[in-house]
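Engineer: quick one, structure for this:
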Amino acid sequence: MNTFNKPHKQHRALPLALFLAILGLLVLVFPSLAQVGEGGKGTCQDSKLCGPDLVVDYYYDDQCNLHIVITNIGMAPVTIGGSGNPNVVGLIHADGTMGWLGMGNNPVILGSGQSHEIFISANYAATLIGLVVDPDNNLNESNENNNSTGVTPCQPDLVIEGTMGSDCLLAITITNIGWQSTQIGGGNTWRVENIILNNPSSPPPNALNIAELPVTLGAGESLTSGLNFPVKAFGDMITLEVFAVNGESNTANNTFTFTVPPECQCCLGDADQDGDADWQDLSLIRQHILGIAPLPPEVWPFMDINQDGNITTFDIVLIRKQDCFCDKGDVDFDGDVDEDDIQAIQNHILGITPLSQEALERADVVTTTAGAVTVADIAQIRKYILGLISTLC
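Structural biologist: Residues are numbered from 1 along each chain as shown. Sure thing, here's the model as predicted:
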């Protein structure tokens, strides 16, 4: 009799023994698997870890009525309201007092992941600064540390941001992060600090419009606009400010400061706005100080280096100390570029009176002959003196 294909009994017993051994190990590691309830569903032994967990949030509708949202993010269902939990939400008022919000005789069961909303009128909501769910701690929650939230007023809240690329075009975005819509534009909306506008027909930088017509910004909405011509910044930072609107909930976030690309920066003291601060600028500042030729008011803040409210000779000293100041051409160190400097360079070339190393660096203004002082440098400096070129750097 051929028994080769008959199933062997002990071959069936081995997998069953292995299964029982694994099951026993799982019961030791996860004892909750051993608890089987009705319908074969597993139940959690640790009621604290596997219990309910309530969190509270809110939102406003178009009329600024407050909608309180209670959500059970725990594993077990929970009953809110009714005789067992009469104070569902604690209401924290601006004066520090606490009120309570119940649900009467209409309890609600919240399963895992379920939410329930409670409505509060706009007038009452305006007095609140915080909410607390289960203020009496009547519920056996798995986490009691996430039961509260602050409440911001139903008002607009504007923030501003800016960017500038290598093209030196300034782009500005205003966002309403508040709950209530507001209008911007149609008048002075934002201002920029620390820039010069290389456009004679443009308005001064202290107040600029973002839109010709008023624009309504709803909650969470943004508007991006900016300047359609390149600008330069004094220094490496630009500060933007959006003007506050009526009823704004927070004005502390109405300013924004960001770093300017190097190619869009110019030096403090650049009175003629040609991109650098040099001897010509110092001459213009001296004429301003003497009342001979006053500078335009929009550049005054960038000439007042020590910010004492006045433009003085002390500001001239500070301008010259900047790393960005162009001191080329002044080889006799008298604070100006004139025929005396040209004569000194000629004497050096002829071997009559050699220039010091620092004077040589100032005399070397032609990049094609960098490292050597020649008649080409004299010609370039003379063009500068005659006003044919604006800078020696």
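
Engineer: CA only for contacts and neighbour counts going forward, please
Structural biologist: Noted.

Engineer: the spatially closest residue to Ser181 that is not a sequence neighbour: how many residues sit nearby?
Structural biologist: Counting by Cα to Cα, 6 or more residues apart in numbering, Gly218 is the residue found nearest to Ser181 once chain neighbours are left out, at 4.0 Å. For Gly218, the count of nearby residues is 18 (other Cα atoms under 10 Å).

Engineer: now swap in Cys326 and tell me
Structural biologist: 19.

Engineer: what's the burial count for the closest residue to it other than its chain neighbours?
Structural biologist: Nearest in space to Cys326, with sequence neighbours left out and distances taken as Cα to Cα, 6+ apart, is Asp278 at 4.8 Å. Close neighbours of Asp278, defined as other Cα under 10 Å, add up to 28.

Engineer: go on, the one 10 residues further on?
Structural biologist: Using other Cα under 10 Å as the criterion, His288 is surrounded by 16 other residues.

Engineer: would you mark the buried spots in the helix or strand hosting it?
Structural biologist: Assigned by DSSP states H and E, His288 belongs to helix 279-289. In terms of neighbour count (16 or more other Cα atoms under 10 Å), helix 279-289 has its buried residues at Trp279, Gln280, Asp281, Leu282, Ser283, Leu284, Ile285, Arg286, His288, Ile289.

Engineer: quick one: contacts for the fifth one?
Structural biologist: Put plainly, it is Ser283. Ser283 makes contact with Asp336 under the criterion Cα atoms under 8 Å, 6 or more residues apart in numbering.

Engineer: and if we set it to 10 Å?
Structural biologist: The contact partners of Ser283, taken as Cα atoms under 10 Å, 6 or more residues apart in numbering, are Ala271, Ile289, Ile316, Gly335, Asp336, Val337.

Engineer: which element follows the helix holding His288 toward the C-terminus?
Structural biologist: As assigned by DSSP H and E, the chain's next helix or strand after helix 279-289 is helix 300-303.

Engineer: can you give me how far stretch 69-82 is from the chain middle?
Structural biologist: 37 Å (Cα atoms, centre = their mean, to the nearest Å).

Engineer: before we move on, what about stretch 316-328?
Structural biologist: With Cα atoms, centre = their mean as the basis, stretch 316-328 stands 32 Å off its chain's centre.

Engineer: redo the buried residues of helix 279-289 as a markdown table? Include distance to Leu227 and pLDDT.
Structural biologist: Formatted as a markdown table, these follow (distance: Cα to Cα, whole Å; pLDDT from 0 to 100):
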| residue | distance to Leu227 | pLDDT |
| --- | --- | --- |
| Trp279 | 31 | 85 |
| Gln280 | 29 | 84 |
| Asp281 | 26 | 88 |
| Leu282 | 30 | 89 |
| Ser283 | 31 | 88 |
| Leu284 | 28 | 90 |
| Ile285 | 28 | 92 |
| Arg286 | 32 | 91 |
| His288 | 30 | 93 |
| Ile289 | 32 | 93 |
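
Engineer: just flag the most distant two among the residues you listed.
Structural biologist: Pairwise distances across the buried residues of helix 279-289 peak at 15.2 Å for Trp279 and Ile289 (criterion: Cα to Cα).

Engineer: coming back round to it: just the buried ones from the contacts of Ser283?
Structural biologist: Looks like the contacts of Ser283 have Ala271, Ile289, Ile316, Gly335, Asp336, Val337 buried, using 16+ other Cα under 10 Å.

Engineer: out of the residues you listed, which one has the weakest pLDDT?
Structural biologist: pLDDT across the buried ones among the contacts of Ser283 is lowest for Gly335, at 79.

Engineer: count the residues that sit near Gly104.
Structural biologist: For Gly104, the count of nearby residues is 13 (other Cα under 10 Å).

Engineer: skipping its backbone neighbours, what lies nearest it in space?
Structural biologist: With Cα to Cα, 6+ apart as the criterion, Gly104 has its nearest non-adjacent residue at 5.9 Å, and that residue is Gly82.

Engineer: how much space between the one you found and Glu361?
Structural biologist: Going from Gly82 to Glu361 by Cα to Cα, to the nearest Å gives 88 Å.

Engineer: tell me which of those two has more neighbours.
Structural biologist: More crowded of Gly82 and Glu361, by other Cα under 10 Å: Glu361, with 19 against 16.

Engineer: so the more buried one sits in a helix?
Structural biologist: Yes. Using DSSP: H, G, I helix; E, B strand; the rest coil, the assignment for Glu361 is a helix.

Engineer: wait, it touches Cys326, no?
Structural biologist: No. Contact criterion Cα atoms under 10 Å: Glu361 and Cys326 do not qualify, at 11.4 Å.

Engineer: so what sits against both of the two?
Structural biologist: With contacts defined as Cα under 10 Å, 6+ apart, no residue is shared by Glu361 and Cys326.

Engineer: ok so, going back, ok, now which ones touch the residue nearest to Gly104?
Structural biologist: Gly82 sits next to Val88, Gly102, Met103, Gly104, Asn105, Asn106, Pro107, Val108 when contact means Cα under 10 Å, 6+ apart.

Engineer: please redo it, this time with the cut-off set to 7 Å
Structural biologist: Met103, Gly104, Asn105, Asn106, Pro107 (Cα atoms under 7 Å, 6 or more residues apart in numbering).

Engineer: so it is in which element?
Structural biologist: Following DSSP H and E, there is no helix or strand that holds Gly82.

Engineer: distance check, it against Ser115.
Structural biologist: Using Cα to Cα, we find Gly82 at a distance of 17 Å from Ser115.
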